[in-house]
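# Got a sequence here, can you build the structure:
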Amino acid sequence: MRELHNTAPDIIIGMEGAPGHQRNPEARGSYEMEHPIFLKEYAEDYQGPAYHGRTYGGFDYMTARMGGVWDALLSEGRRISIFAHSDFHSMAKDFWPGEYSKSHIYLEQETQKGLLDAIKGGQSFVTHGDLISELEFIAQGENDVSNSTVWVAI
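Numbering: from 1, shown residues only. So this is what the prediction gives:
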């Protein structure tokens, strides 16, 4: 991911962080056992929980793990968003597109450029099941920080 982002930071702006198949009763949001998410030549490097694409609360292991891949990329100052999608094949394992998994993006302009600008600017969040429909985060200080990066520890 780092090499891709270093090579093309204006193109590598996000990743799938909350996969489809959220209705799957055996493995919510899984990537399926038939399609492990590694290359055979690197199998020894991927013996951990993400071996077969297991999810945590419906989120990809790289997204959900504190200190994991996405967290590390963000801590390096990289602006990489995550996305949720509907991987619809049948009602047995999938919700209809837009029914459960959603990527919310705040647009200033409803254009292709506006969409990319919003994603690159971190103006998005993802949800499962409409638990959150709006999100606002405000940082205030003594000085004008309107064009500053604010680091928050929770």
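# So what does the most centrally placed residue in the chain look like in phi/psi?
The centroid of the chain falls nearest to I82 when counting by Cα atoms, centre = their mean (2.1 Å). The phi and psi torsions at I82 (degrees, to the nearest 10) take the values phi -110, psi 160.
# Contacts only, for it.
By Cβ atoms under 8 Å, 6 or more residues apart in numbering, the residues touching I82 are G14, M15, E16, G17, A18, D60, T63, W70, V126. Where C-beta positions appear, they are placed from N, C-alpha and C, glycine not excepted.
# could you dump those residues to a markdown table with distance to S86 and secondary structure?
Formatted as a markdown table, the contacts of I82 follow (distance: Cβ to Cβ, whole Å; DSSP: H, G, I helix; E, B strand; the rest coil):
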| residue | distance to S86 | secondary structure |
| --- | --- | --- |
| G14 | 16 | strand |
| M15 | 17 | strand |
| E16 | 12 | strand |
| G17 | 14 | strand |
| A18 | 10 | strand |
| D60 | 15 | strand |
| T63 | 17 | helix |
| W70 | 21 | helix |
| V126 | 12 | strand |
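# low pLDDT regions in this protein?
Residue ranges of the chain with pLDDT under 70: 25-27, 29-54, 138-141, 144-154.
# Now do the strands in it.
14-18, 55-56, 59-60, 81-84, 101-105, 124-128 (DSSP state E).
# other SSEs contacting the third one?
I take that to be strand 59-60. When contacts are defined as 3 or more Cβ pairs under 8 Å, 6 or more residues apart in numbering; DSSP states H and E, strand 59-60 sits against strand 14-18.
# What is the burial count for the closest residue to the residue nearest to the centre of the chain other than its chain neighbours?
Sequence neighbours aside, G17 is the residue nearest to I82 in space, at 2.7 Å (criterion: Cβ to Cβ, 6 or more residues apart in numbering). Counted with other Cβ atoms under 10 Å, the neighbours of G17 add up to 21.
# Show the contacting residues for G17.
G17 sits in contact with F59, D60, M62, T63, W70, I82, F83, A84, V126, where contact means Cβ under 8 Å, 6+ apart.
# again, only this time at 10 Å
Each residue near G17 by Cβ atoms under 10 Å, 6 or more residues apart in numbering is listed here: 59-64, 69-70, 80-85, 103, 126.
# CA atoms of stretch 89-96 as CSV?
Taking Å, rounded to 0.1, in the frame of the first residue of the first chain, the C-alpha atoms of stretch 89-96 are listed here in CSV:
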residue,chain,number,x,y,z
HIS,A,89,-25.1,-11.9,-5.7
SER,A,90,-28.2,-13.3,-3.9
MET,A,91,-30.5,-12.6,-1.0
ALA,A,92,-28.9,-15.6,0.9
LYS,A,93,-25.7,-13.7,1.7
ASP,A,94,-26.2,-10.1,0.5
PHE,A,95,-28.2,-7.0,1.1
TRP,A,96,-29.4,-5.0,-1.9
